[in-house]
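In: Curious how this folds, go ahead:
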Amino acid sequence: MSSLTAITINKADQTATTLGEWAGNVLLVVNVASKCGLTPQYEALQALNERFAERGFSVLGVPANDFKEQEPGTDAEIQSFCQVNYGVTFPVLAKAVITGSDKHPLYAALTAAHPVTPDRERFAERLKGFGIEPTAAPEVLWNFEKFLIGRDGAVAARFAPDVAPDDAAISAAIEAALAA
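Out: The predicted structure follows:
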């Protein structure tokens, strides 16, 4: 197992956990937000979780308020939002900082392990079109960036925020990780 599995992160109820709780599973770690144009991705994330759960897969949501304050709610409000609006059953952890000097150690490790986001420039240009200055690589670019972690605890892939959870590339990467 990798050192990723030993990093402590809080659940929404503020109890500590590590990715070791899901050791041996394939995980899609996604920084989520409830007031983002990409928020409807929760629906496809839930469908993805349901599709692969029996094979040892889970989505893990990490709420973050890093981008234009698009996740202002408390952890309890975020849980309610996810369940009421999208029927989310996958774990949505406690809100965390995912960019900058105060970023959570999990995100420091994720971005260090996989510093390149494929198709990053495409989404960065969209942000610039809205007058938003994108973060510098290897930082997470925006809400709903995705990191795929294999059964061995290593980062297997990284996907730009606008790569939908039901995109064939994500399904193929999950299938490959489940087969490994």
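
In: going forward, measure contacts and count neighbours with C-alpha atoms only.
Out: Will do.

In: Pairing partners for the host helix or strand of residue 28, with directions?
Out: Secondary structure from DSSP states H and E places residue 28 in strand 26-32. Next to strand 26-32 in the sheet, as set by DSSP bridges, lie strand 57-63 (parallel), strand 146-149 (antiparallel).

In: For the residue positioned nearest the centre of the chain, report the pLDDT, please.
Out: By Cα atoms, centre = their mean, the chain has its centre lying nearest to residue 30, at 0.9 Å. Residue 30 carries a pLDDT score of 98 in this model.

In: One more: residue 115?
Out: 94.

In: Now do the phi/psi pair for it.
Out: Note on residue 115: its backbone torsions stand at phi -70, psi -20 [degrees, to the nearest 10].

In: Quick check: it vs residue 79, distance?
Out: 29 Å (Cα to Cα, to the nearest Å).

In: do residue 126 as well
Out: Here the distance between residue 126 and residue 79 works out to 29 Å (Cα to Cα).

In: Compare these two and say which is more crowded by neighbours.
Out: The neighbour comparison of residue 126 against residue 79 (other Cα atoms under 10 Å) goes to residue 79, with 20 against 13.

In: The more buried one: what secondary structure?
Out: State at residue 79, reduced to three classes by DSSP: H, G, I helix; E, B strand; the rest coil: helix.

In: I figured it hits residue 92, correct?
Out: Yes - the criterion here is Cα atoms under 8 Å, and residue 79 meets it with residue 92 at 7.0 Å.
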